[in-house]
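generate a structure from the sequence data that follows.
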Amino acid sequence: MKKLCKFASLLTAGALTLAAFASCQSAPDDGKKTIGVIQYASHASLDNCYQGLLEGLKEAGYTDGETCTIDFQNANNSSDTASQIAQTMAAKKYDVIIGIATPAATAAFSACRDTEIPTVFCAVTDPVSAKLVSTLDAPGLNCTGTSDLLNVEGQLKMIRAFQPDAKKIGILYTFNETNSSSQIQEFQQYAAEYGFEIVTQGVQNGSEVAQAAATLVTQVDCLTNLNDNNVVNNLGVVLDAANNAGIPVYGSEIEQVRNGCLASESLDYVALGRETGAIAGKVLGGQDAATVPVGLVKDSKPVVNPDVATALGLAVPAEYQSAEQVTAQAA
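Next up is the predicted model:
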């Protein structure tokens with residue numbers, strides 16, 4: 001009798017193990033495409049990317065709950081979490097995995113490297129340096145997406161207009177964000193043309209941002225933000241340091257201006273997400289990701305927060321009087 005009970009227990013345990021194994025091996029077989037989305041962090045820029053992504057997917061014929069199933073996960077500013085999410089999605093054999101921001105995209109690409117699952121990225125400033133694609137026109141790997149290249153010259157022109165006598169621009173960045181290094185190089189390339197010196201301060205993680213910002217604001221006339229997720233995720237402490245020093249912070253997109261930056265030559269992250277959705281639609285439709293060129297949303301527009309200008313005692317330059325004006329979001 002004891003042997004029979006033991007045998008039955010082993011059968012039950014085996015059945016449960018097989019069921020669990022099967023559930024993690026494949027997406028639901030309901031005829032719908034299964035799309036995994038990993039957003040690296042919760043801040044307005046990336047939230048706008050996801051909003052646009054849903055719009056782009058819908059326009060391409062993929063609506064969550066109707067023609068596809070979208071599994072959205074937030075890595076909460078953790079590369080380790082992003083990797084764990086990506087590995088789980090790859091194990092479930094999703095039809096495509098989309099990474100919003102470079103750390104999420106590289107996690108997805110790494111998890112899918114030895115599979116046939118394509119990766120699509122959104123808001124990766126330098127996908128070549130991130131080794132996600134070989135070139136922008138011909139990715140060459142099972143991966144493609146969209147790049148959020150800043151209008152660096154437009155930003156420098158704006159800063160010079162607001163601060164005619166400024167000499168030094170501070171840039172706070174994260175050491176391990178590939179995007180930040182390439183953007184700093186571009187700022188340094190053009191800075192001299194506008195009479196600026198670029199002063200940088202690097203951090204390892206979010207816990208170092210406050211002290212780094214407090215140090216940097218004593219050395220410069222203003223700060224300008226990159227598409228650095230760690231810094232943008234801690235924008236409040238950067239603004240506190242700058243406000244205490246009486247210097248402006250220039251954002252990289254409109255939401256940062258709403259949240260207290262003075263102005264920005266702003267990218268449209270909703271449009272970027274929408275383009276990503278369109279690209280993902282092509283891949284889901286059978287086009288090889290390796291042949292789909294990386295999408296670039298090149299257009300930018302000046303955005304100004306007049307309340308911040310007034311608080312800093314700065315006048316809005318004549319050439320930016322017609323720029324879109326935004327004020328602080330209600331708490």
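
tell me which element L57 is part of?
Assessed by DSSP states H and E, L57 sits inside helix 44-59.

the stretch 101-250 of the chain: strands as residue ranges?
Under the criterion DSSP state E, counting those that start in this stretch, the stretch 101-250 of the chain contains strands at 119-122, 143-147, 168-174, 197-203, 222-224, 249-250.

next, the angle from the fourth one to strand 168-174.
Here the directions of strand 197-203 and strand 168-174 differ by 20 degrees (axes from the mean of the first three to the mean of the last three CA atoms, to 10 degrees).

gap between strand 197-203 and the chain center?
Put simply, strand 197-203 sits 21 Å off its chain's centre (CA atoms, centre = their mean, to the nearest Å).

and the contacts of that strand?
Strand 197-203 is contacted by residues 167-175, 184, 187-188, 191, 209, 212-213, 215-216, 219-220, 230-231 when judged by CB atoms under 8 Å, 6 or more residues apart in numbering. For the C-beta atoms, the positions are set from N, CA and C on the backbone; glycine is no exception.

run me through the strand neighbours of it, direction for each.
strand 168-174 (parallel) (DSSP bridges).

let's see the strand it pairs with as CSV, backbone CA atoms only.
C-alpha atoms of strand 168-174 as CSV (Å, rounded to 0.1, in the frame of the first residue of the first chain):
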residue,chain,number,x,y,z
LYS,A,168,29.9,76.2,-19.3
ILE,A,169,27.1,73.6,-19.8
GLY,A,170,26.9,70.7,-17.3
ILE,A,171,25.9,67.2,-18.3
LEU,A,172,25.0,64.6,-15.7
TYR,A,173,25.2,61.1,-17.1
THR,A,174,25.3,57.4,-16.1
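
for that strand, which positions count as buried?
The neighbour-count check on strand 168-174 (16 or more other CB atoms under 10 Å) flags I169, G170, I171, L172, Y173, T174 as buried.

can you tell me what sits against it?
156, 159, 180-181, 183-184, 187, 191, 196-205, 209, 212-213, 216-217, 219-226, 228-231, 238.

just to revisit the earlier point, name the stretch among the strands of the stretch 101-250 of the chain that sits most buried.
Mean neighbours per residue, mean count of other CB atoms under 10 Å, is largest over these for strand 119-122, with a mean of 31.

helices or strands up against it?
Contacts defined by 3 or more CB pairs under 8 Å, 6 or more residues apart in numbering; DSSP states H and E place strand 119-122 against strand 96-100, helix 102-112, strand 143-147, helix 269-284.

take the second one, keep the C-alpha atoms, and write them as PDB.
If I follow you right, that is helix 102-112. C-alpha atoms of helix 102-112 as PDB (Å, rounded to 0.1, in the frame of the first residue of the first chain):
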ATOM      1  CA  THR A 102      18.400  50.800 -24.300                       C
ATOM      2  CA  PRO A 103      18.700  48.600 -21.100                       C
ATOM      3  CA  ALA A 104      15.400  47.000 -21.800                       C
ATOM      4  CA  ALA A 105      16.200  46.500 -25.500                       C
ATOM      5  CA  THR A 106      19.600  45.000 -24.800                       C
ATOM      6  CA  ALA A 107      18.100  42.600 -22.300                       C
ATOM      7  CA  ALA A 108      15.500  41.500 -24.800                       C
ATOM      8  CA  PHE A 109      18.100  41.100 -27.600                       C
ATOM      9  CA  SER A 110      20.300  39.000 -25.300                       C
ATOM     10  CA  ALA A 111      17.400  36.800 -24.200                       C
ATOM     11  CA  CYS A 112      16.400  36.200 -27.900                       C
END
